[in-house]
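> model this:
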Amino acid sequence: MAKEPWQEDIYDNREEETRLERRHRKQKGTGVVANRVLTVLASLFFVIVVAMVVVLIYLSTGGSNRTAALKDFYDSSAPSSTSKVEESSSSTSKLKKRKNQLLQKVVLKNTQMEKERLLFSQERVKPLLLNVQEFPLPSWKL
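Okay, the predicted model is just below:
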């Protein structure tokens with residue numbers, strides 16, 4: 001009896017291949033490598049997630065010694081830091097004043113230039129308006 005075309009590749013020299021042999025022939029070891037790679041990636045992801053959770057819990061509780069870290073911030077016996085703050089605040093206020101003065105100068109200069117431009121344009125337009133007023137307008141009748 002003749003074999004169907006889909007059955008011909010199963011039989012080799014009139015011997016039947018076992019399922020295990022067929023599976024091994026088709027995979028050729030790629031499944032094992034893929035499983036190992038996926039396992040390594042999944043374990044790395046899990047380790048990273050666990051590390052992030054541990055760090056977040058540690059930071060949310062305040063770290064190792066919060067008062068020691070903020071000691072200089074709350075220390076009122078350090079006059080050098082207050083003098084530095086006063087110097088920086090006075091220099092900041094001087095800079096702000098200087099900035100405001102420069103802005104005022106720029107605004108004044110711009111407004112003065114705008115006034116001069118308007119006056120110049122008025123002087124140019126005035127004679128033209130006088131010339132136009134001398135001509136009578138035609139009366140259009142519809």
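> can you tell me the SS state at Gly62?
coil (DSSP: H, G, I helix; E, B strand; the rest coil).
> oh, I was asking about Ala2
coil.
> and it, how close does it get to Arg22?
Look at Ala2 and Arg22: by CB to CB, to the nearest Å, they are 22 Å apart. Any C-beta I mention is one placed from the backbone N, CA and C, and that applies to glycine too.
> what stretches of the chain score poorly on pLDDT?
Low-confidence segments of the chain (pLDDT under 70): 1, 3, 5, 7-18, 23-31, 64-87, 133, 135-138, 140-142.
> helices of that one, start to end?
For the chain, the helices defined by DSSP state H occupy 5-8, 19-27, 30-60, 66-69, 71-74, 79-134.
> make TSV out of these and add mean neighbour count.
Below are the helices of the chain laid out as TSV (neighbours: other CB atoms under 10 Å):
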stretch	mean neighbour count
helix 5-8	8
helix 19-27	10
helix 30-60	10
helix 66-69	10
helix 71-74	8
helix 79-134	10
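> which residues does Leu41 contact?
By CB atoms under 8 Å, 6 or more residues apart in numbering, the contact set of Leu41 is empty.
> sorry, wrong one. I was asking about Val125.
By CB under 8 Å, 6+ apart, Val125 lies in contact with nothing.
> separation between it and Leu102?
35 Å.
> any idea how far Lys96 is from Leu108?
For Lys96 relative to Leu108 (CB to CB), the value is 19 Å.
> same question but for Glu21, I mixed them up
96 Å.
> same deal with Val50?
On the measure of CB to CB, Val50 and Leu108 end up 65 Å apart.
> ditto for Arg36
Distance from Arg36 to Leu108, by CB to CB: 77 Å.
> just Lys94 next, same as before
Lys94 is 21 Å from Leu108, by CB to CB.
> got it, and Trp6?
According to CB to CB, Trp6 stands 95 Å off from Leu108.
> ditto for Thr61
Using CB to CB, Thr61 is found at 58 Å from Leu108.
> cool, and Arg124?
25 Å.
> likewise for Ser91?
Distance from Ser91 to Leu108, by CB to CB: 26 Å.
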